[in-house]
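J.: A structural model of the following input is requested.
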Amino acid sequence: MTLKLQNLNSVLLEKAARRLRDRSGELKKTRSAILAGTQAETDSKERLALYNQRAATLAMSEGQTAPVQSPIFEEEKPDLTSIGKEALIGTQNDLLPIEFFEYGLYAARSVGRIEHVEGLRFGTGFLVGHGLMMTNHHVLSTPEDAKAHFFELGAETNRIGNQTPSKICSIDPNRFFWASEELDIAVVAVVDEDPGFIPLDHYGWHALIRQQGKIKKGDPINIIQHPLGRNKAVVVHNNHLLHIENGTDAHMFCWYSGDTQKGSSGSPVFNNRWEVVAVHHMAVPQTNADGAILDKHGNPLTRAQARRNPSLIAYAANEGIRTSRIVSTLESAQFTKAHHADIRDFLLKSWSSPGAQRRGLRAAVRSAQAL
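T.: A predicted model of the protein is given here:
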């Protein structure tokens, strides 16, 4: 029997597959442009303008200036002896400051593993400030479900330096709980059970930035996650933003390459400035018009084949929920408990304050110095 999406009893997956199937041509175009080094040409003029405007603003705030190419005057002959010694390959400069790695380590401090108290289910979440953690709705769908899980920070391996101790926090939906099934996002309060160990606020946090222009199509992305519920891992190879769009029925989502596994749901998706651009929620398999799931040769798979060898399934891309849409949806959310609305308002104000992202990373620096 052919394996079809509609037989998997997952409305979430069916909707994601339909969205992606309608945009398969755009993803193919971006993948080709990445190989050719012309990925900037695949994005819309509107989004490129937002990206360039934000890049210029950030450069000014950090005391940088845009690189200016020295003019070649008529009386000067260009020096051709340097040809073949060094060059920028492609249409953009991929050189990164060495602090990229240090920023990444601090960004990872606030990412943790979500585990069911009976060890049956796993997910990934990350701190977003004021003792709150963000993940997917399908990971923590109700307050009752949230109470049956805990959040563990520092579950990672270090065979070179000091081993990072882990910190286990319980989840308190009474203090705060908000979830959107449509966006597949949940925000919950976590409890610092042992503040004398390493205080929770020393693990850092990530501000969700409403402003668009944080990334453009073809740009690299980085995903910090707990695949299969194992120790923390990061994907930094073969990952690119493949598609994003405004003004359509799918404007809340974006699509990207990069490996994820079960347990990676709720992982933050970062740009190269370690700003959260999306929250990962699903890997979408390739399907045909009838909804049949395809193998890596484009042939429909049977249930027996997929059960016997899941690696045969071809995946079109990962889908994430855009940061800007999470912020706007949370802003308009209605709460029955007044103190939940107050916490929401305080959180949004914190995210929008100047330098919020850097303050969150600096908090993680304190944690690293304490070890």
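J.: Could I get the full set of strands for the stretch 101-250 of the chain?
T.: 111-116, 122-129, 132-135, 149-153, 167-171, 177-180, 185-191, 222-225, 233-235, 241-244 (DSSP state E, counting those that start in this stretch).
J.: Dump those into TSV; add distance to Trp255 and mean pLDDT as well.
T.: For glycine as for every other residue, the C-beta is placed from the backbone atoms N, C-alpha and C. Output for the strands of the stretch 101-250 of the chain, formatted as TSV (distance: least, C-beta to C-beta, whole Å; pLDDT from 0 to 100):
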stretch	distance to Trp255	mean pLDDT
strand 111-116	21	97
strand 122-129	19	97
strand 132-135	20	98
strand 149-153	28	96
strand 167-171	30	95
strand 177-180	19	97
strand 185-191	17	98
strand 222-225	13	97
strand 233-235	15	94
strand 241-244	5	94
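J.: For the nearest residue to Asn222 once chain neighbours are set aside, the count of nearby residues, please.
T.: Nearest non-adjacent residue to Asn222, counting by C-beta to C-beta, 6 or more residues apart in numbering: Phe270, 4.5 Å away. The local packing of Phe270 (other C-beta atoms under 10 Å) involves 26 other residues.
J.: And for Glu46, the neighbour number?
T.: Neighbours around Glu46, by other C-beta under 10 Å: 13.
J.: Contact partners for the closest residue in space to it that isn't next to it in sequence?
T.: The spatially closest residue to Glu46, leaving aside those adjacent along the chain, is Asn246, at 6.7 Å (C-beta to C-beta, 6+ apart). For Asn246, the contact set (C-beta atoms under 8 Å, 6 or more residues apart in numbering) comprises Ser44, Glu46, Arg47, Gln212.
J.: those helices in the protein, which residues are they?
T.: All helices of the chain, identified by DSSP state H, fall at 11-21, 24-36, 45-61, 99-109, 143-147, 303-308, 323-332, 338-352, 356-370.
J.: Identify all contacting residues around the fifth one.
T.: Taking contacts as C-beta under 8 Å, 6+ apart, the residues outside helix 143-147 that touch it are Leu140, Ile171, Pro173, Asn174, Phe177, Ala186, Val188.
J.: Drop anything exposed from the residues you listed.
T.: By neighbour count, with 16 or more other C-beta atoms under 10 Å, those hold Leu140, Ile171, Pro173, Phe177, Ala186, Val188 as buried.
J.: Of the helices of the chain, which is nearest Met282?
T.: With C-beta to C-beta as the criterion, Met282 lies closest to helix 11-21 of the helices of the chain, at 5.1 Å.
J.: what packs against that closest one?
T.: In terms of contacts (3 or more C-beta pairs under 8 Å, 6 or more residues apart in numbering; DSSP states H and E), helix 11-21 is packed against strand 253-256, strand 276-285, strand 315-322.
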